[in-house]
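In: Sequence plus the predicted model coming up.
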Amino acid sequence: MITKELLWRIRNELPMKLTIQRLGNFGPLAKQSDGYFRFQCPNCKELRATVNPSNNLAHCFCCKENYNNIDLMMIQGRDFLPAVGILEKSLNTCHPRNVLLANEQDVGIGRSQTTFVG
């Protein structure tokens, strides 16, 4: 059952970096740069979507679109309910130590042939 609490947890507690890592080759290009996690905006295709660490939301500084974890899954072709189900599993298997590592690592992720190292 999808509750307001679950949607809040997916938005706020599941790092976008982990969601994009789990999308793998199907996700946008991404990099860690200047202390911020950035990825290729699904709308304008510029590498200017930046995740705000205080609220776990992304904003593209080129086209001004905003994104959360559910948005990213739906952009990849998932419907809302399956997207929430997948993200809920990620949230439930997301160990706090893995979240810290994902937030601290300074490695490129995304498509394996064109990743960036920050």
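Out: Cool, got the structure. Since we're looking at a predicted model, the values are computed, not measured.

In: contact partners of the helix or strand where L7 lies?
Out: Per DSSP states H and E, L7 falls inside helix 4-13. Among residues not part of helix 4-13, those counted as contacts by Cβ atoms under 8 Å, 6 or more residues apart in numbering are 55-57, 68-70, 84, 87-88, 91, 94. Placement of C-beta: from N, CA and C, glycine included.

In: Also compute the angle for whichever helix or strand comes after it relative to helix 4-13, please.
Out: Using DSSP H and E, the helix or strand that follows helix 4-13 in sequence is helix 16-23. Angle, helix 16-23 to helix 4-13, by axes from the mean of the first three to the mean of the last three Cα atoms, to 10 degrees: 90 degrees.

In: What ranges does this protein have for its strands?
Out: 30-33, 36-39, 49-52, 57-60, 66-67 (DSSP state E).

In: any chance of these in TSV, plus mean pLDDT and mean neighbour count?
Out: Below are the strands of the chain laid out as TSV (pLDDT from 0 to 100; neighbours: other Cβ atoms under 10 Å):
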stretch	mean pLDDT	mean neighbour count
strand 30-33	92	20
strand 36-39	95	21
strand 49-52	96	20
strand 57-60	97	20
strand 66-67	96	16
